[in-house]
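A.B. asks: just coords:
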């Protein structure tokens, strides 16, 4: 598995422009910005999942590497845009790209990585089904992000846990688990198994819920993002919605006032209060329990295709042990 990770990382970085080859300072800066997030690391779990699924169905590593790299390019340009839209502070343990270079240049770098994603796919000569799957990934993720941003913009609190799950099925679950499984099969020239959609969706939702939990319970150095960042950004996570539904009116009203306030006007003491109450009230624990149940169910369903052992099931289990 280590050799696969190294091959994927090398291929991914090889797709990106080299600052040393630049003829102008501006060109070198452009190249450094495109390489910034990929060079920060990350576990490349989505790309690995695609590669091991493709191998399971008989594809050679060389044939699947462009698709896996393109999926990681997708992840990186989406993160740049997401960080801008959420006004996030940190990404993979360092300041977000827009904090370093400013929003216009960061946004442009994300657009460039998006274009590069398609160039890698087209250059590999993949069949139409692979390209259509990538288009679906972009469309599903964009719609999920639309919901996430719209609910904050409109100050919505009339939301349920099912609303959250609907949003996450598009925003995170599809490109995190469903698409890597489907693309692995498609790259190998096989039809994706129907369970990839249902079980992959459960696993991807569990991944996002665990990420939400780590946002409140994780360690900043290991998590790689701002602890309690979801509260600063006013996110309508499953944890927050559970608290708003079940907490006493006085707590709910206090929490809503905080979540409605723009980041710059949020009182750090109030953020700390809500952070503490979400843990004390059991909302974090209930979300974690749901994620663990969903993950266990999904892994059982996928074992019917991949067997109980092997790299695919190992990666899927790692996916939900710690979001990355």
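C.D. replies: Sure, I can see it. Keep in mind that what you see is a predicted model, and the values were worked out from it rather than measured.

A.B. asks: In this structure residue 140 contacts residue 168, no?
C.D. replies: No. Residue 140 is beyond contact range of residue 168, at 11.0 Å (criterion: Cβ atoms under 8 Å). C-betas here are computed from N, CA, C, even on glycine.

A.B. asks: Of the two, which one has the most company?
C.D. replies: More crowded of residue 140 and residue 168, by other Cβ atoms under 10 Å: residue 168, with 26 against 19.

A.B. asks: Which of the helices or strands spans the more buried one?
C.D. replies: Residue 168 is part of helix 161-168 when elements are defined by DSSP states H and E.

A.B. asks: Which elements pack onto that helix?
C.D. replies: Judged by 3 or more Cβ pairs under 8 Å, 6 or more residues apart in numbering; DSSP states H and E, helix 161-168 is in contact with helix 128-153, helix 195-217, helix 238-246.

A.B. asks: at 6 Å what do you get?
C.D. replies: Helices and strands touching helix 161-168, by 3 or more Cβ pairs under 6 Å, 6 or more residues apart in numbering; DSSP states H and E, are helix 128-153, helix 238-246.

A.B. asks: pLDDT on it, on average?
C.D. replies: Throughout helix 161-168, pLDDT has a mean value of 97.

A.B. asks: what does stretch 229-247 give?
C.D. replies: Across stretch 229-247, the average pLDDT comes to 96.

A.B. asks: Can you give me the end-to-end span of that stretch?
C.D. replies: Start-to-end span of stretch 229-247 (Cα to Cα, to the nearest Å) is 21 Å.

A.B. asks: Name the residues of that stretch that are buried.
C.D. replies: 229-244, 247 (16 or more other Cβ atoms under 10 Å).

A.B. asks: Just checking the distance from that stretch to the centre of its chain.
C.D. replies: Counting by Cα atoms, centre = their mean, to the nearest Å, stretch 229-247 is centred 19 Å from the centre of its parent chain.

A.B. asks: what sits up against it?
C.D. replies: With Cβ atoms under 6 Å, 6 or more residues apart in numbering as the contact definition, stretch 229-247 has outside contacts at 86, 151-152, 159, 161, 164, 209, 212, 215, 252, 259, 263, 271, 274, 278, 281, 283-284, 286-287.

A.B. asks: List only buried entries from those.
C.D. replies: Neighbour counting by 16+ other Cβ under 10 Å classes 86, 151-152, 159, 164, 209, 212, 215, 259, 271, 274, 278, 281, 283-284, 286-287 among these as buried.

A.B. asks: any low-confidence regions in the protein?
C.D. replies: Residues of the chain meeting the criterion pLDDT under 70: 220-224, 322-324.

A.B. asks: Tell me which stretches of it form strands.
C.D. replies: Assigned by DSSP state E, the strands in the chain fall at 90-91, 94-95.

A.B. asks: show me the contacts for the most centrally placed residue in the chain.
C.D. replies: Most central in the chain under Cα atoms, centre = their mean is residue 172, positioned 5.4 Å from the mean C-alpha point. By Cβ under 6 Å, 6+ apart, residue 172 lies in contact with 204, 208.

A.B. asks: please redo it, this time with the cut-off set to 8 Å
C.D. replies: Contact analysis of residue 172 by Cβ atoms under 8 Å, 6 or more residues apart in numbering lists 141, 144, 204-205, 207-208, 211.

A.B. asks: before we move on, what about residue 130?
C.D. replies: By Cβ under 8 Å, 6+ apart, the contact set of residue 130 is 67, 121, 183, 186-187.

A.B. asks: ok, now how distant is it from residue 122?
C.D. replies: Going from residue 130 to residue 122 by Cβ to Cβ, to the nearest Å gives 10 Å.

A.B. asks: Please look at residue 297 and residue 201 and confirm they touch.
C.D. replies: No. Using Cβ under 8 Å, residue 297 makes no contact with residue 201, being 11.3 Å away.

A.B. asks: In terms of neighbours, single out the busier of those two.
C.D. replies: Counted by other Cβ under 10 Å, residue 297 and residue 201 do not tie: residue 201 has more neighbours, with 21 against 15.
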